[in-house]
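Visitor: with the sequence up front, the predicted model follows.
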Protein chains: 2
Amino acid sequence: MKYNLAFIGFGTVGQGLANLLWEKRGFLRERYGFEYEVVVISDPLKGSVYNPEGLDLGKLLSLVKETGKVAGYPEGKKGWDSLKSIRESNADIVIEVTYTDIQTGEPAISHIRAALKGKKHVVTTNKGPIALAYRELSELARENGVLLRFEGTVLSGTPSLNLGLEALAGAEIREVRGILNGTTNYILTEMSKGISYEAALKEAQRLGYAEAKPDADVEGWDAVAKIVILANALMGGDVKVADVERKGITGLDISDIEEAREEGKRWKLIARAWGEGDKVKAKVWPEKIGPEDFLANVGGVTNALIVDTDVLGELTMIGPGAGGREAGFALLSDILSIHRLLAG
Amino acid sequence: MKYNLAFIGFGTVGQGLANLLWEKRGFLRERYGFEYEVVVISDPLKGSVYNPEGLDLGKLLSLVKETGKVAGYPEGKKGWDSLKSIRESNADIVIEVTYTDIQTGEPAISHIRAALKGKKHVVTTNKGPIALAYRELSELARENGVLLRFEGTVLSGTPSLNLGLEALAGAEIREVRGILNGTTNYILTEMSKGISYEAALKEAQRLGYAEAKPDADVEGWDAVAKIVILANALMGGDVKVADVERKGITGLDISDIEEAREEGKRWKLIARAWGEGDKVKAKVWPEKIGPEDFLANVGGVTNALIVDTDVLGELTMIGPGAGGREAGFALLSDILSIHRLLAG
């Protein structure tokens, strides 16, 4: 089967996916019978280009690398904004990879709404719309007979949502618990070597793990968005971001770290969601954990998720939690999951 | 969608699945739109019963618990053997859960062949046919337009094959490495506490983890069958059981364990498959591993699998590797995966 793809946003994650699609073109066709054309790319900074017959992805990737723009592409229609690209292009699958706004979810919520109403499948790594509007958007997808997938919103390319929704279908998930933010785990790992919070943060910023304004990570907001997504999508909850008890890692200093070490323990920023009565609750909080817990051994930017199910007890998944190529892979696995369901 | 199910074999694993299907009947219908009838159960020791309209599963489970037989069921046709039950019943999905014979794969290979030729989907936890005849059987499934799933052959209910085939679709798996046998891991964990091999084996037998004749586990044959399945199904290999370099744990004594402890390491029976040129190779061998390796912390009957992929690097999955209910869950997840593909 052949699909027409629309890229809404073409930053690190979008280009991560585009590179994978380009490199793996032959493999995807032979192994899965999956073929595609990229028909439109629309990015607020890089410009936009549309060709209903398909764009030359190799040429576009070089162009963006050299000029930072897609607008110099020699053919096709130029200047379509994101909503026009979603509504008026002949795309079957819309890839929403604009920036994350965890307060409003915009402009991504509007993009996803427009795509679903236009009966186009959506894949996204954007936490904003899924943390804030999962129920509305998943309902809209159902009404329009299309699929909405968002593997990359949690644990990046490491299977978490598709693991829960597909491989663990049939099980009831009673609790999830994990290290969902790589930046804070990197900082805590460095601090456990005797480095101060400030120095560890600076190093994380130098390596590109932390933003100049690091609050979304270090105050726990990123982990909150992710645990809300897990609580709602995997456990059937109706948890809002504001409902989540939250504490970041900025209150921890080197004496806390030392104290934990003396007890044979390590500080980790733990995100947790659990069933309580017929409700699902969630919390993000620093915890001191001992070596008997697999999470204690998860260091650096690695992420981990422990899923407690009725039938199997605890399952632990450990893998990379960030990176443009890894997030691009999450989108690819969502696209192939849609293909598997459509091709039957 | 509604499916007719045939149980070929009705031991611990078959009853594990039957109990899950029975307990979760409402949940499966509401959550996944999955409905079923069990139309035939055929077991060489417990007898057989067939009713094309469906059997009362609750009644059957009580009957087997009380009498050890299905033959006392008040209605339906009796005495159909396994091949007749596969060929002449109106089942859509055949559940192959007879005993494992890792030398010949029989009678399971003949059961699976008959089912696929009759255009019936097959789910199995039986390592024999998949380790010995994966290529032939998967080709036969393709030719007949039906599906063959076998999640429970490796890591029991913990996702391993469906993880690789579905959640990691799009990635190329370069190496898999893991603790695939719970019995030997239990014995090694006990030995690390200072107990002798003989005493640890005896305790494993008492707990039902090891057979009276424990060779299949302690000599590494069970792990060999599993790594062959992973090598062939996940990595596209053509590895035969006889090709696998194999050493069990019977050569390890308490002084080896002590020596490892002094080095801060632990002995584990590690199964490994890796690409070499355009071939896939596999090995099962005891290894001394350090605490930086997640596998070192996997104790008791728990299993673990590390998958090394081109895009994501290493992913680690840890979970239960045995148990009738867990293996029953593997079959349920395979059945739901077939349902997902058919219902679209």
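Guide: Cool, the structure landed. Predicted model, so just to flag it, every value in this text is computed and none were measured. Residues are numbered from 1 along each chain as shown, chains lettered A, B, ... in the order given.
Visitor: without its sequence neighbours, what residue ends up closest to the residue nearest the centre of chain A?
Guide: Centroid check for chain A by CA atoms, centre = their mean gives residue A:153 as the closest residue, at 2.1 Å. Spatially, and ignoring its direct neighbours in sequence, residue A:153 is nearest to residue A:127 (4.8 Å; CB to CB, 6 or more residues apart in numbering or on different chains). Quick note: C-beta positions are derived from backbone N, CA and C, even for glycine.
Visitor: report pLDDT for the one you found.
Guide: For residue A:127, the model assigns a pLDDT of 97.
Visitor: can you pull out the strands in chain A?
Guide: In chain A, the segments counted as strands under DSSP state E are A:2-8, A:35-43, A:47-50, A:77-78, A:93-96, A:121-124, A:148-149, A:173-179, A:245-246, A:266-276, A:279-289, A:302-309, A:313-320.
Visitor: make a markdown table out of these and add mean pLDDT.
Guide: Converted to a markdown table, the strands of chain A look like this (pLDDT from 0 to 100):
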| stretch | mean pLDDT |
| --- | --- |
| strand A:2-8 | 98 |
| strand A:35-43 | 98 |
| strand A:47-50 | 97 |
| strand A:77-78 | 96 |
| strand A:93-96 | 98 |
| strand A:121-124 | 98 |
| strand A:148-149 | 98 |
| strand A:173-179 | 97 |
| strand A:245-246 | 98 |
| strand A:266-276 | 97 |
| strand A:279-289 | 98 |
| strand A:302-309 | 97 |
| strand A:313-320 | 96 |
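Visitor: right, and these - which one's nearest chain B?
Guide: With CB to the nearest CB as the measure, strand A:313-320 is the member of these nearest chain B (4.1 Å).
Visitor: can you give the domain ranges for chain A?
Guide: Listed domain ranges for chain A are A:2-157+A:324-343, A:165-320 (source: automatic domain parsing).
Visitor: those domains into TSV, with extra columns for distance to residue B:209?
Guide: TSV is the format used below for the domains of chain A (distance: least, CB to CB, whole Å):
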stretch	distance to residue B:209
domain A:2-157+A:324-343	32
domain A:165-320	16
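Visitor: these: which one's closest to residue B:331?
Guide: domain A:165-320 (9.5 Å; CB to CB).
Visitor: need the distance between the two termini of the closest one.
Guide: One end of domain A:165-320 to the other measures 20 Å (CA to CA, to the nearest Å).
Visitor: tell me how far that domain lies from the chain's centre.
Guide: 15 Å (CA atoms, centre = their mean, to the nearest Å).
Visitor: dump the residue contacts of residue A:9.
Guide: When contacts are counted by CB atoms under 8 Å, 6 or more residues apart in numbering or on different chains, residue A:9 touches A:42-43, A:82, A:95-99.
Visitor: pLDDT wise, what is it at?
Guide: Looking at residue A:9, its pLDDT stands at 97.
Visitor: please apply the same query to residue A:239.
Guide: Note for residue A:239: predicted pLDDT of 98.
Visitor: for chain A, which helix is longest?
Guide: Using DSSP state H, we find that the single longest helix of chain A is helix A:324-343.
Visitor: how about the contacts made by residue A:337?
Guide: Neighbouring residues of residue A:337 by CB under 8 Å, 6+ apart: A:149, A:151, A:162, A:166, B:166, B:169.
Visitor: surely the third one meets residue A:151?
Guide: Just to be clear, that refers to residue A:162. Yes. Counting by CB atoms under 8 Å, residue A:162 touches residue A:151, with 5.2 Å between them.
Visitor: any shared contact partners between those two?
Guide: Both residue A:162 and residue A:151 are contacted by A:333-334, A:337, under the criterion CB under 8 Å, 6+ apart.
Visitor: just send those residues back as a markdown table, with distance to residue A:323 and pLDDT too.
Guide: Below are those laid out as a markdown table (distance: CB to CB, whole Å; pLDDT from 0 to 100):
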| residue | distance to residue A:323 | pLDDT |
| --- | --- | --- |
| A:333 | 14 | 96 |
| A:334 | 16 | 97 |
| A:337 | 20 | 94 |
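Visitor: between those residues, which is nearest chain B?
Guide: Using CB to the nearest CB, residue A:333 comes nearest to chain B of the shared contacts of residue A:162 and residue A:151, at 5.3 Å.
Visitor: distance of that closest one relative to residue B:55?
Guide: 39 Å (CB to CB, to the nearest Å).
Visitor: ok, these two, which is more surrounded?
Guide: Higher neighbour count among residue A:333 and residue B:55: residue A:333, with 26 against 21, using other CB atoms under 10 Å in any protein chain shown.
Visitor: mind exporting the longest helix of chain A as CSV, just the C-alpha atoms?
Guide: Extracted as CSV, the C-alpha positions of helix A:324-343 are listed here (Å, rounded to 0.1, in the frame of the first residue of the first chain):
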residue,chain,number,x,y,z
GLY,A,324,15.6,13.4,17.0
ARG,A,325,16.3,10.1,15.3
GLU,A,326,14.7,8.1,18.2
ALA,A,327,11.6,10.3,18.2
GLY,A,328,11.5,10.0,14.4
PHE,A,329,11.5,6.2,14.9
ALA,A,330,8.5,6.5,17.2
LEU,A,331,6.6,8.2,14.3
LEU,A,332,7.8,5.5,11.9
SER,A,333,6.5,2.7,14.2
ASP,A,334,3.2,4.5,14.5
ILE,A,335,2.9,4.8,10.7
LEU,A,336,3.7,1.1,10.3
SER,A,337,1.2,0.3,13.0
ILE,A,338,-1.5,2.2,11.0
HIS,A,339,-0.3,0.4,7.8
ARG,A,340,-0.6,-3.0,9.6
LEU,A,341,-4.2,-2.3,10.6
LEU,A,342,-5.2,-0.9,7.2
ALA,A,343,-3.4,-3.6,5.1
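Visitor: between it and strand B:302-309, how many degrees?
Guide: Comparing the axes of helix A:324-343 and strand B:302-309 via axes from the mean of the first three to the mean of the last three CA atoms, to 10 degrees yields an angle of 100 degrees.
Visitor: just the buried residues of helix A:324-343, please?
Guide: Residues A:324-341 are the ones in helix A:324-343 that count as buried (16 or more other CB atoms under 10 Å in any protein chain shown).
Visitor: wait, isn't residue A:201 in contact with residue A:214?
Guide: Yes. Counting by CB under 8 Å, residue A:201 does reach residue A:214; the two are 6.3 Å apart.
Visitor: the more surrounded of the two?
Guide: Neighbours were counted for residue A:201 and for residue A:214 using other CB under 10 Å; residue A:201 has more, 24 against 18.
Visitor: any idea how far the more buried one is from residue A:179?
Guide: 17 Å.
Visitor: okay, helices next: where are they in the stretch 1-150 of chain A?
Guide: Assigned by DSSP state H, counting those that start in this stretch, the stretch 1-150 of chain A shows helices spanning A:12-23, A:25-32, A:57-67, A:82-88, A:108-117, A:127-143.
Visitor: ok, the first one near chain B or not?
Guide: Same thing as helix A:12-23. Yes. Applying CB under 8 Å from any CB of the partner chain, one finds helix A:12-23 touching chain B at residue A:20.
Visitor: what's in contact with that helix?
Guide: By CB under 8 Å, 6+ apart, helix A:12-23 touches A:5, A:7, A:10, A:28, A:36, A:38, A:41, A:43, A:57-58, A:60-61, A:64, A:95, A:97, A:125, A:152, A:323-329, A:331-332, B:170, B:311.
Visitor: quick check on the residues you listed: which are buried?
Guide: Neighbour-count burial (16+ other CB under 10 Å) is assigned, among these, to A:5, A:7, A:10, A:28, A:36, A:38, A:41, A:43, A:57, A:60-61, A:64, A:95, A:97, A:125, A:152, A:323-329, A:331-332, B:170, B:311.
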